[in-house]
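Participant: Show me how the following folds:
(chains A, B and C)
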Amino acid sequence: MMKKFFAQAYIWLLLVLLYAPLVFIAVFSFTESKVLGNWTGFSTRLYRNLFTGNMQGSSSLLSAVENTLLIALVAAAVATLLGTVAAIGIHNLKGRRKQAIQSLNNIPMLNPDIITGVSLFLLFVFLGVSQGYLTVILAHITFCTPYVVLSVLPKLTQMNPNVYEAALDLGATPGQALRKVMIPMLRPGMVSGFILSFTMSLDDFAVTFFTRGTIGLDTLSTFIYTDARKGGLTPELRPLMTLIFAAILIFLVIINVRQARAQKLAESK
Amino acid sequence: MTIKRSSWSIPYLVFLIIFVVLPLVLIAIYAFQDGQGHFTLSNVTRFFSDADSLGTFALSLEIAIENTVLCILLGYPAAWILANKKLNRSAVTIVLFILPMWINALMRTLATAELFNMLGITLGKGTLLYGMVYDYLPFMIYPIYNTLNKMDKSYAEAAEDLGATPLQVFTKVTVPLSMPGVTSGILMVFMPTVSTFAISEFLTNNKIKLFGTIIQENINSSMWNYGAALSFIMLIIIGISMLFQGGEEPAAERGIV
Amino acid sequence: MNHNDIIINIEHLCKAFGDKVVLDDINLYIKNGEFVTLLGPSGCGKTTLLRIIGGFTNPDSGRVTLDGKDLSGMPPYERPLNTVFQRYALFPHLDVYDNIAFGLKLSKVPRNEIDARVRKVLKMVSMSDYEDRNVDSLSGGQQQRVAIARALVNQPRVLLLDEPLSALDHKMRQDMQIELKEMHQKLGITFIYVTHDQEEALTLSDTVVVMNEGKIQQIGTPADIYNEPVNAFVADFIGESNIFNGTMIEDRKVSFIGHEFECVDEGFGQDNPVDVVIRPEDVYIMAHTEGAQFTGVVRTCTFKGVHYEMFVDTDCGFELMIQDYNAFEPGSTVGLLIRPNDIQVMRKERTCNTLAGEVVDETHISVLDGTFECAPLEGFASGDKITAEVAFDQVDLLDHQEEGVVAGSVHFILYKGDHYHLQVLTESGEYLYVDTQDIWDKEDLVGVNIPPAAFKILRGHDD
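Facilitator: Have a look, this model is predicted:
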C-alpha cells in the first residue's frame, strides 16, 4: 500500500512540474497584461485580438502560424511519399546494400538539429540556392523522411509475403497489387509516419532557423525566438498556445476513446 | 517472374546523398578552408587555443552529461512505475507524460523561465539544468517505458522461481534487460543537449553560452568556416559517443501516436 | 499413357539459390483431374516446385507446360492457376466477400455474376453467413476455407495448395482433409498439393511424388509408395519402418538380422549388399517360439490407441519395432515370423564413401576441403588426382566442430536395428555417410575425423 502511494505521488509530482509552465501560460492568457506573470484582471481580449488579427504586439504572428502549417503539411506529405517508396525499396534489398542505406537513413535522426541546420545551410550556400520556403521545406523533408521509413518498414516486415503474391495469383498486375493490396496494408504506417513528420516539422526550430534565409520568413518557432530576444513576448502567443494545447488534448482524448471502443468491440465479438 | 522493387530505394538514396552526405562533407570542407577557399588548419587550431571556446565546450559537455544522468535518475523510476501493472493501471498516464512535447519547446521553455522570474529565482546554471531536464525527461521516460512494457513477464517469474528476491529480480533481470531502452533514451537526450542554443539563452538570460550558441553566432555573423569547424568538432563528439553506445539503432520510440 | 490426359508437364526443371541446388532436373507430368501431392521434408524443393508452377519463381532451366503451352516467362496473373497459400494470405483490409471477389472484380465480371459466384463458393466451403466478416475475426479453419474459396471462385484449371492445413490443429486438419477430398471429386479440377505430412499425402492423393534434396525419389499411388518404397529414404519417410542392412544371397533369398529369409525379390545378383525394409505391422509376434523363424525378448510395450507398439531385442542383437493388436509383457520371450511378401528388398545406393581429392604429400591427401593424414602413398606425386574410399563405420564424429579435420552437421538419420546410419553434410557441401552406435540429433554440429588407415586410395577421378 505504502509502495503504491509513494509511486503514485512520484508520478503526480513529475506531472505537476511538467504541466506547471503550460498551466501558467493558460492562466495568463486570460489577462491583458503585456508581461507574462503580471495579472491585471480577467479578460478575453487576447483571444479576440488573435481572431481579429488586431495584435498588441507583432502582427506577423498569424503569418508565422500560416507558414508553420503550410511547411509542415507540404514537408510531411512529400516525406510520406518519398519514405514509403524508399521503405518498399529497402525492404526488397538484401545484405550490405540494405544495411548501408539503413545506416544512411539513421544519420539525420542521430544528428542534432544544429548540425542538420548548419550542414544544410552550407549546402544551400554551396549550391547557390537562395534560401526561403523551398529550402526550409527541403530541410524539413530531410529530417522527416527517416521517420516515415522507420514507420513503414515494420509494416512491410510484418506483412505476409504471400499476400502480394496472392494478389498476383488472383489476376492483379503488379501495379494493381500495389494499389489494391500493398498500399492499404501499409496505410497505418504511412499515417503514423505522416503525423510524426507533421509534428516534428511544427516543432522544429534550429533547422528552420539556419535554412530560412534572409527574406523574413518566420515559422512559429523562429517567431518566438526573435520575439523573445527582442525582450517582449507577443501577448497573443499565450491564447494561441492555450488553444493549440486544448486542440491536442481533445484530439488525443478522441483517439483514446475510439481505440478503447474498438478494443471493446473486438473483445465482444 | 521475379518481383524486383529494390530499385525503389534509389530516389531516396540519391536524396540522402544530396541532403545528408554532401552537407556533412561540406562541413568538413568548410572547416578546413579559410575565407578565400584555401586549405587551412587555423579554424581548428583557433578553437583549441581559445580559452573561451574551450570553456564553453567543456561546460556544454558537463551540462549535457549532468542532464542525461538526471534524466536517467528521475526517468527510470517513473518509467518503471508506469510499466508496472500493479502500481499503474491506466495507460493514459504515459500519454500525459508525452502530451507536453506537442507544445512548442521554445514556448514551454520561455514559460518556465517566466515562472522562475515570477517566483523570484535568479536565472543561472541551476535553472538551465532544470529547464533541460524539463524539456528532455519525456524523451528518457518513453523509450525505457517501452522496453519495460514489452518485456516478457516470464523472465521475472523465471528469476523468482529460481530463488531471486524482488530486489534481485530488479537488479539482475529487469535492469539489464531494459538497457536498450536506456541507451536510446541517452541517445535522445544527450545529443540534443550538447547542441541546443535557444534553451540556454532563454533560461539563463544569455548569461551562460553553450556550444550550440557559439556555432549559431558564428554562422549568423557569416564566419562560416569557423562555424563549420565547430560543427565538425561536434560531429566528432557524436561519432565517439555513438561508438560507446555500440551503434544501437536509434529509437523509433519517437513514434508517439 | 494418353497424351491428351496430361495437363501439366514439367521437363528438366532446375533451380539453385546461390550455391544451393533446390531442384535438380525434375521431370513430372500431371494428368487432368488428378490429385497430386508433392511430399518431402522441409527444404526438399517441393514448395519451390509449386512456386515455379504458380509463376512466383523462375526456373534456371527447364520448362513447365500447361495443355502443351509453354508457361515460361508468363507472370502469375496471366496463368489460369490459383494458389492457396500456406498462411492463407488473406487481405486483412478486405472483408470475406471482398477477399473472394478480388479476382472477379479485377477481371471485370458483372456485379450480379460476382454475387452469384461468391455465394456459390461460400456455400461450398460452408461459410455462407460470413460475407461481411472481417478476416481477422475468423478462426484458422475459417480463414483456410475463405482462402480456398478465394482461389476456387476464379475457376482455375489447376489449384495449387502450399501446405494449406499445416497451421491447423490435428482434429481440424482431419476434417479439412475429408472436405478437400470431397471438393476435388465434385469439382473435377486438378489439385497439386504440397505437404511434409506423409499421412496427409497418403490420405488425399491419387499420386504421391516423394522428393528429397531437390530430386524426385519416387512417384506412385499411395499404396505403391507405402508397400514398395524404392529406397531407404522413402521407406523411412513414409510410415514407420524397420530398415536393416542385408545381403541378397541369391534370387528369393535374403539374409538380415543374422537370419536367412525367403522373399519374392529377384535380379539383385548373388551375395550383394542390400537394404531391407520391414513394416512394423508386418512382423508376426507369438507367445510361443515353435514355428517361429527367430526369437526375441520384448523390451518395451506401449499402447497406441488401436494397436500396441513394442520394441523387441532379437536373438542376434537387433532392435525391431513391432505393431500388434495384442500386448506382450516386457521381458517375455516371443517367437517372430516375417512372410516373404512383407520383405521389401532395395538396392543400396552406395556401399562406402567415395571422395574425390588430390595428393598433398606422401602421407597426406586433401578431400572434403581438408587435409587428412593417410597411410604412406607409393607411386603418387603431390597434386595427383585421387579417389579415396572410406567405409561407413571408419568415420569418427566429434562433439566439437573445431576438433575435427573438417566440420559438418548431421543431415539425416536412419536407424538400422543395431546402429545408426547418418548423412553428414560437410562444410565443403559434400555428403559423408557414417555408421555409428552413438546417438546424434538432426542438425547437430560435428567435427569429422578419418583415421589414416581408413582411406583406400585409388588413382584418378572423373569430375
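Participant: quick one: buried residues of stretch A:191-205?
Facilitator: Buried residues in stretch A:191-205, defined by neighbour count with 16 or more other Cβ atoms under 10 Å in any protein chain shown: A:192-205. Every C-beta, even on glycine, is put in place using the N, C-alpha and C of the backbone.
Participant: swap in stretch C:304-319?
Facilitator: For stretch C:304-319, a neighbour-count test (16+ other Cβ under 10 Å) marks C:His307, C:Tyr308, C:Glu309, C:Met310, C:Phe311, C:Val312, C:Thr314, C:Asp315, C:Phe318, C:Glu319 as buried.
Participant: Please list which of these are also close to chain B.
Facilitator: Taking Cβ under 8 Å from any Cβ of the partner chain as the test, chain B is in contact with none of these.
Participant: Which residues of chain C lie near chain B?
Facilitator: Residues of chain C found near chain B (Cβ under 8 Å from any Cβ) are C:Gly55, C:Phe56, C:Thr57, C:Asn58, C:Gly73, C:Met74, C:Pro75, C:Pro76.
Participant: any idea how far A:Val129 lies from chain C?
Facilitator: In this view, A:Val129 and chain C are 42 Å apart by Cβ to the nearest Cβ, to the nearest Å.
Participant: Next up, the contacts around that residue.
Facilitator: Residues counted as contacts of A:Val129 (Cβ atoms under 8 Å, 6 or more residues apart in numbering or on different chains) are A:Thr135.
Participant: ok, 10 Å please
Facilitator: By Cβ atoms under 10 Å, 6 or more residues apart in numbering or on different chains, A:Val129 lies in contact with A:Leu123, A:Thr135, A:Leu138, A:Thr211, A:Gly213.
Participant: Is it in a helix, a strand, or coil?
Facilitator: Put simply, A:Val129 is coil when judged by DSSP: H, G, I helix; E, B strand; the rest coil.
Participant: ok, back up a step: most neighbours, which of the contacts of A:Val129?
Facilitator: Tallying neighbours with other Cβ atoms under 10 Å in any protein chain shown puts A:Thr211 at the head of the contacts of A:Val129, with 26 neighbours.
Participant: Roughly how far does that residue sit from chain C?
Facilitator: From A:Thr211 across to chain C, the span is 39 Å (Cβ to the nearest Cβ).
Participant: per-residue confidence at B:Ser7?
Facilitator: Confidence at B:Ser7, expressed as pLDDT, is 87.
Participant: ditto for C:Thr333
Facilitator: On the pLDDT scale, C:Thr333 gets 94.
Participant: Skip the chain neighbours and tell me the closest residue to it.
Facilitator: In this structure, C:Thr333 finds its nearest non-sequential neighbour in C:Val297, 5.5 Å apart by Cβ to Cβ, 6 or more residues apart in numbering or on different chains.
Participant: same thing with C:Val446?
Facilitator: Nearest one to C:Val446, counting by Cβ to Cβ, 6+ apart, is C:Leu397 at 4.6 Å.
Participant: Where do the strands of the stretch 151-269 of chain A begin and end?
Facilitator: Read by DSSP state E, counting those that start in this stretch, the stretch 151-269 of chain A holds no strands at all.
Participant: what's the spacing between the residue in chain B that chain A sits nearest to and C:Thr436?
Facilitator: Ranking the residues of chain B by distance to chain A (Cβ to the nearest Cβ) places B:Ser9 first, at 2.8 Å. According to Cβ to Cβ, to the nearest Å, B:Ser9 and C:Thr436 sit 50 Å apart.
Participant: neighbour-wise, which of those two wins?
Facilitator: A direct count of neighbours by other Cβ under 10 Å for B:Ser9 and C:Thr436 places B:Ser9 higher, at 25 against 17.
Participant: How about residues contacting the strand or helix carrying C:Lys171?
Facilitator: C:Lys171 is located in helix C:170-187, with elements delineated by DSSP states H and E. For helix C:170-187, the surrounding residues in contact (Cβ under 10 Å, 6+ apart) are C:33-35, C:84, C:124-126, C:139-141, C:144-145, C:148, C:152, C:155-156, C:159, C:161, C:164-168, C:189-191, C:193, C:197, C:199-200, C:203-206.
Participant: which residues of the stretch 101-250 of chain C score low on pLDDT?
Facilitator: Counting by pLDDT under 70, the stretch 101-250 of chain C shows no low-confidence range.
Participant: Excluding sequence neighbours, find me the nearest residue to the residue nearest the centre of chain A.
Facilitator: What sits nearest the mean C-alpha location of chain A, by Cα atoms, centre = their mean, is A:Thr199, with 1.1 Å. Excluding the flanking residues, the one nearest A:Thr199 by Cβ to Cβ, 6+ apart is B:Trp102, at 6.3 Å.
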